[in-house]
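**Student:** turn this into a model:
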Amino acid sequence: GLTYLFIAHDLSVMRFITDRIAVIHKGVIVELAETEKLFAHPLHPYTRALLSAIPMPDPISEKKKVLEVYDASMHDYSKDKPQWVEIEPGHHVMGNAPELAQYREMLKD
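**Tutor:** Just a heads-up that it's a prediction; the model follows:
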């Protein structure tokens, strides 16, 4: 098959032209999933922050929405190093054991 690599910050555009999205933070892939799965169940905080920044066409909704701000210092990898895990079929995410447990809980909702 043919593969194209697009690098963009605008995930709303990528949604319409890609089958899968890899979210990269500082050169490290933190989440990889089929496009619609990523939009339906964003797990990594950086992915959620990027998605929350997508403008909404309705000005009233845009003013009311809550932006998620990503702070890399929220991760404590001093003792429990992050792992690259397939959290559900075709959906991979980077996280340590406590984060992965939280992501699994998020998928149950």
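**Student:** what about the strands in the chain?
**Tutor:** All strands of the chain, identified by DSSP state E, fall at 20-25, 28-34, 83-88, 91-95.
**Student:** strands paired with the second one, and their directions?
**Tutor:** To tie it back to what came earlier, the one meant is strand 28-34. Strand 28-34 has its sheet partners listed here by DSSP bridges as strand 20-25 (antiparallel), strand 91-95 (antiparallel).
**Student:** follow-up on the earlier one: and the strands of the chain, which is most packed in?
**Tutor:** When the strands of the chain are scored by mean count of other CB atoms under 10 Å, the highest mean neighbour count falls to strand 91-95 (a mean of 21). C-beta coordinates here come from the backbone N, C-alpha and C atoms, glycine included.
**Student:** which outside residues touch that one?
**Tutor:** Here strand 91-95 makes contact (CB atoms under 8 Å, 6 or more residues apart in numbering) with 28-34, 37-38, 41, 43-44, 82-87, 100, 102-103.
**Student:** His25 versus Tyr4, what's the distance?
**Tutor:** 22 Å (CB to CB, to the nearest Å).
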